[in-house]
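Peer 1: Structure of the sequence below:
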Amino acid sequence: MGPRTVLWLVRVPLAALAGVLLYLSFPPRPLWWLAPLALALLAGCLHGRRARAGFGLGLLAGLGFLLPLLIWTGEEVGPVPWLALAAVEALFIGLTGLGVALVSRLPAWPVFAAAVWVAGEALRARAPFGGFPWGKLAFGQADGVFTPLAALGGTPLLSFAVALCGFGLYAALRAVREHPGFFTAALATFSLLAPIGAGLAARPLVSDSAENGTAVAAVIQGNVPRLGLDFNSQRRQVLDNHVKRTIELAEDVKAGRAPKPDFVVWPENSSDLDPYSQPDAYDAIERAVRAIGVPVAIGAVVSPETGPLRNTMILWDPVKGPTETYDKRKIQPFGERIPMRSFVRLFSSDVDRVRRDFGPGKDPGVFDMAGTGVGMVTCFEAAFDDAVRSTVRDGAQVIAVPSNNATFGRTQMTYQQLAMDRIRAVEHSRTVVVPVTSGVSAVIRPDGKIVQQTKMFTADALVAEIPLRSTETPATRLGPLPEYALLLLAAGGFGLVLTRRIRARRSA
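Peer 2: Residues are numbered from 1 along each chain as shown. Alright, predicted model coming up:
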């Protein structure tokens with residue numbers, strides 16, 4: 001067995017281990033610091049490798065990361081959808097590994113490699129079928145030292161900082177071992193320490209002061225009658241649970257056991273009965289809203305006579321009844337809509353549970369709820385930078401993320417999504433309220449701290465006084481520009497690689 005074969009036998013399990021460590025850095029574990037270590041280990045596998053080797057090692061790391069991270073996607077439909085999704089997403093990490101291997105011979109390679117990592121995440125967030133941003137490095141850093149960078153440049157800059165620290169750590173260790181020149185050692189040290197210093201320096205951007213006063217917000221978790229895909233087969237029971245818990249809150253307010261809220265938010269799918277076409281659903285909601293006596297945002301499935309279904313948030317006034325609506329814009333592929341239905345059915349008959357696809361809305365939804373601008377970001381949308389940012393730019397003083405995690409049981413999915421919501425709070429300096437049908441519901445301050453949360457699969461109500469803010473962070477104002485700049489940096493790295501190869505061939 002030759003030395004090259006031995007090295008491959010070492011690199012293969014180390015690449016997979018790097019992926020597993022990256023998974024372990026994500027919630028519900030507070031081990032955010034494992035992410036740079038995982039990327040340092042991956043860098044050791046990729047540095048100086050050829051493109052094909054980089055792809056293979058990156059793919060292994062992607063599988064080690066995404067197979068356990070996304071296991072909840074097969075909770076009720078079996079392993080095929082889970083394995084297919086993890087494999088497709090791991091291909092993108094394989095391409096990222098290819099890119100990192102290509103730029104790893106450049107001067108200041110950790111900077112280019114971190115930009116390549118962001119480029120891979122940007123691609124995953126857009127393709128296929130509209131993208132799947134789950135597993136961005138940024139979303140595992142809610143408790144980390146780098147988190148304030150989200151307010152400066154959004155999730156792309158936060159991911160870049162984590163990747164740069166990891167790649168810089170490997171470069172620094174390599175410099176210690178090989179005793180390179182001063183310039184190379186200085187660059188390696190800078191790559192390691194600069195992201196940490198930048199995260200600490202960005203802390204003043206994170207504030208939870210009440211610029212526009214405060215409001216008392218309430219989120220309702222009504223719970224569901226059963227777990228799994230059939231949780232809403234008793235649709236009226238789900239609706240009645242949320243009606244009941246809202247009326248109980250109204251009774252607590254009347255008895256002085258709870259402060260009176262200024263507005264209330266129900267979860268996504270809290271009424272899968274269309275209140276516009278089913279009078280009994282309308283009457284039940286009306287009874288709850290009148291009891292609490294304040295505006296309530298209702299998560300409903302609206303069924304037009306023609307066209308796709310709508311996943312809609314309805315602003316329900318205690319006097320005027322239903323007024324404004326917001327239709328979810330990011331529709332979940334293979335969950336709320338089935339692309340390539342006839343082909344996918346060959347692998348899983350569960351696609352036929354979605355008999356009628358949902359259609360996307362077009363515009364951000366910011367409800368005026370008793371004078372407070374409450375922006376609606378429905379469940380899956382919290383993973384997308386543009387969906388959250390456009391809502392804040394449209395005037396949201398508070399972000400609401402009504403969600404439905406009942407189909408994923410007691411898995412880690414709800415905690416992964418809650419971590420995203422915490423990053424969004426810091427990114428845009430807004431309170432985030434998270435009503436979920438079955439848990440975990442929460443109230444998150446603009447600094448990303450959870451001040452209240454429920455247990456899973458329990459009926460509950462959270463009432464909290466929250467700060468209202470209208471100042472836009474640099475991340476909100478800059479929008480996609482930091483990501484575009486990092487994409488250009490990655491492209492510049494590839495350009496340098498190409499230039500070097502052309503020069504080498506000419507000299508040869």
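Peer 1: any idea where the strands of the stretch 251-400 of the chain begin and end?
Peer 2: All strands of the stretch 251-400 of the chain, identified by DSSP state E, counting those that start in this stretch, fall at 263-265, 296-302, 310-317, 321-327, 365-369, 372-376, 398-400.
Peer 1: The fourth one packs against which elements?
Peer 2: Other elements packing on strand 321-327 under the criterion 3 or more C-beta pairs under 8 Å, 6 or more residues apart in numbering; DSSP states H and E are strand 296-302, strand 310-317, strand 365-369. For every residue, glycine as well, the C-beta is placed using N, CA and C.
Peer 1: Equivalent analysis for the fifth one, please.
Peer 2: In terms of contacts (3+ C-beta pairs under 8 Å, 6+ apart), strand 365-369 is packed against strand 310-317, strand 321-327, strand 372-376.
Peer 1: Generate a markdown table for those, with mean neighbour count as supplementary columns.
Peer 2: Listed next are the helices and strands packed on strand 365-369 as a markdown table, based on neighbours: other C-beta atoms under 10 Å:
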| stretch | mean neighbour count |
| --- | --- |
| strand 310-317 | 24 |
| strand 321-327 | 18 |
| strand 372-376 | 25 |
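Peer 1: Tell me where this structure has helices.
Peer 2: 3-24, 34-46, 51-69, 79-103, 109-124, 149-178, 182-201, 235-254, 279-292, 341-344, 385-393, 413-428, 474-478, 481-507 (DSSP state H).
Peer 1: By mean pLDDT, show me the worst of those.
Peer 2: Lowest mean pLDDT of the helices of the chain: helix 341-344, a mean of 70.
Peer 1: returning to what we had before: select, out of the helices and strands packed on strand 321-327, the one closest to A198.
Peer 2: strand 365-369 (31.6 Å; C-beta to C-beta).
Peer 1: in the closest one, what counts as buried?
Peer 2: Of the residues in strand 365-369, G365, V366, F367, M369 count as buried by neighbour count, 16 or more other C-beta atoms under 10 Å.
Peer 1: Specify the beta-bridge partners of the second one.
Peer 2: The partner list for V366 in beta bridges (DSSP bridges) reads G375.
Peer 1: A485: which of the helices and strands packed on strand 321-327 is closest?
Peer 2: Comparing these by C-beta to C-beta, strand 365-369 comes nearest, at 28.6 Å.
Peer 1: Could you give the separation of that closest one from the chain centroid?
Peer 2: For strand 365-369, the gap between its own C-alpha mean and the chain's C-alpha mean amounts to 22 Å (C-alpha atoms, centre = their mean, to the nearest Å).
Peer 1: and the angle from that strand to strand 321-327?
Peer 2: Inter-element angle recorded for strand 365-369 and strand 321-327: 150 degrees (by axes from the mean of the first three to the mean of the last three C-alpha atoms, to 10 degrees).
Peer 1: Report the separation between the most centrally placed residue in the chain and Q416.
Peer 2: Central residue of the chain (C-alpha atoms, centre = their mean): A383, 3.1 Å from the mean position. Counting by C-beta to C-beta, to the nearest Å, the gap from A383 to Q416 is 10 Å.
Peer 1: anything in contact with each of these two?
Peer 2: Residues within reach of A383 and of Q416 at once, by C-beta atoms under 8 Å, 6 or more residues apart in numbering, are W134, F139.
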